[in-house]
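Participant: any chance you can model this:
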Amino acid sequence: MMISPIFFPFISAALYGLGYLMIERNTSNISVTAFLLLSCLMGLFNVFLLWLIKREPVDYSPLFESPGLLVALITTLFVASTGWMITNFSIRGTSAVYAAMGEISYPFFVLFFGFLFFGIRRFDYSTLIGGALIFAGSFIMIYGRAKLGGAG
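Facilitator: Residues are numbered from 1 along each chain as shown. Okay, the predicted model is just below:
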């Protein structure tokens, strides 16, 4: 029985939530640098598993055919890995809950940057309102927590 890809973001969110709590609880004696290095090694294991499951070839040839694509990929990897690094510092410096509250506002930024950089206009009012509500909700939670005396 295959799981519909519609559920993948929710499964991912559940795994991230558990992962954030585990990072907060179990990595107090290891540096973020060491943790990120181990995460990279786990990424290699995940790539191997994906290759075993899908048998999809690892093909970098399109990157060398288009220099723009190579620059875009490097930028993408840099942006995503920097975000993950900052999230880890946030979890270690505050709490898993606080980090998750801030990060959950990313749908708003997907809409904003999608429009700003890529001219994406494939959203309707419900998407705009939902993204704004998520952003407003996370801002209210973070602001309220800060007013109560900090994030930890």
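Participant: what is the mean pLDDT for the strand or helix carrying Leu49?
Facilitator: Using DSSP states H and E, Leu49 maps to helix 32-54. For helix 32-54, the mean pLDDT works out to 91.
Participant: helix or strand right after that helix?
Facilitator: Using DSSP H and E, the helix or strand that follows helix 32-54 in sequence is helix 61-65.
Participant: just checking, what packs against that following helix?
Facilitator: Counting contacts by 3 or more CB pairs under 8 Å, 6 or more residues apart in numbering; DSSP states H and E, helix 61-65 is packed against helix 67-93. Backbone N, C-alpha and C define where each C-beta goes, glycine included.
Participant: check which residues of the helix it packs on are buried.
Facilitator: 87-88, 90-92 (16 or more other CB atoms under 10 Å).
Participant: packing partners of the helix or strand following it?
Facilitator: For helix 67-93, the following helix or strand on the C-terminal side (DSSP H and E) is helix 96-103. Using 3+ CB pairs under 8 Å, 6+ apart, the elements in contact with helix 96-103 are helix 8-26, helix 67-93, helix 125-147.
Participant: hmm, who's touching helix 96-103?
Facilitator: Helix 96-103 is contacted by residues 16-17, 20-21, 23-24, 87, 90-91, 138, 141-142, 145, 151-152 when judged by CB atoms under 8 Å, 6 or more residues apart in numbering.
Participant: and the residues you listed, which is closest to Leu69?
Facilitator: Comparing the contacts of helix 96-103 against Leu69 with CB to CB places Thr87 closest, at 26.8 Å.
Participant: please report how far the residue nearest the centre of the chain lies from Glu103.
Facilitator: Taking CA atoms, centre = their mean as the criterion, Trp84 is the residue nearest the geometric centre of the chain, at 6.3 Å. Applying CB to CB, to the nearest Å, the value for Trp84 to Glu103 is 10 Å.
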